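Trainee: Sequence isn't available, so here's the structure alone:
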């Protein structure tokens with residue numbers, strides 16, 4: 001699992017790769033498997049091709065990306081191991097944690113952690129919101145270049161805020 005997470009992080013660093021899109025608009029989309037609905041931000045597109053992500057959105061004419069990952073747990077308490085492994089993978093890949101705080105988006109309380117990574121004079125900022133819903137651990141991850149962080153953080157927050165299960 002650690003290697004798979006690391007490969008995904010490296011893939012995220014190349015988030016400007018061409019991937020087929022399936023939607024462009026501020027549109028609610030639903031994943032029937034997880035009974036999750038989320039809103040694609042205006043000016044963003046849904047991407048395919050990432051088997052671990054329930055949803056993956058990319059800024060249409062930019063480099064920002066938000067992905068939503070679900071991992072079923074035997075018990076809600078098992079999520080601690082999943083979250084710890086994810087964060088360890090980031091730090092082992094030389095992402096530097098720059099903050100961490102409790103956060104609530106919509107009906108979900110969890111933890112939001114910020115990281116940054118510098119590569120060839122470009123700083124990537126990563127924001128991770130983690131929470132548990134029933135017995136599933138969820139990650140909402142935003143990847144943004146430092147130069148557009150102030151504009152993209154509210155987009156990340158709107159995606160996290162729009163998460164709804166059921167109905």
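Mentor: Sure thing, it's come through. All of these numbers come straight from a predicted model, not from anything done at the bench.
Trainee: State whether residue 89 is indeed within a strand.
Mentor: No: checked against DSSP: H, G, I helix; E, B strand; the rest coil, residue 89 lies outside a strand; its state is helix.
Trainee: Residues in contact with stretch 152-167: which ones?
Mentor: Residues outside stretch 152-167 that contact it (CB atoms under 8 Å, 6 or more residues apart in numbering): 28, 34-39, 41, 44, 57, 59, 62, 64, 66, 68, 105-108, 127, 129, 133, 138, 140, 142, 144. (Glycine included, C-beta is placed from N, CA and C.)
Trainee: make it 6 Å
Mentor: Stretch 152-167 is contacted by residues 35-39, 41, 64, 66, 105-106, 127, 129, 140, 142, 144 when judged by CB atoms under 6 Å, 6 or more residues apart in numbering.
Trainee: Narrow those to just the buried residues.
Mentor: In those, burial by neighbour count holds for 36-39, 41, 64, 66, 105, 127, 129, 140, 142, 144, counting by 16 or more other CB atoms under 10 Å.
Trainee: which of the residues you listed sit farthest apart?
Mentor: 37 and 144 (23.6 Å; CB to CB).
Trainee: Just the closest of the buried ones among the contacts of stretch 152-167 to residue 97, please.
Mentor: residue 127 (11.3 Å).
Trainee: Do a quick rundown of the helices in the chain.
Mentor: Listed in chain order, the helices found in the chain under DSSP state H are 2-13, 79-92, 149-162.
Trainee: Lowest-scoring secondary structure element of the protein by mean pLDDT?
Mentor: Ranked by mean pLDDT, DSSP states H and E, the weakest helix or strand in the chain is strand 21-24, scoring a mean of 38.
Trainee: how about the residue nearest the centre of the chain, what does it touch?
Mentor: Nearest to the mean C-alpha position of the chain, counting by CA atoms, centre = their mean, stands residue 141 at 1.9 Å. Going by CB under 6 Å, 6+ apart, residue 141 touches 67, 128.
Trainee: Just want to check the distance between it and residue 54.
Mentor: According to CB to CB, to the nearest Å, residue 141 and residue 54 sit 12 Å apart.
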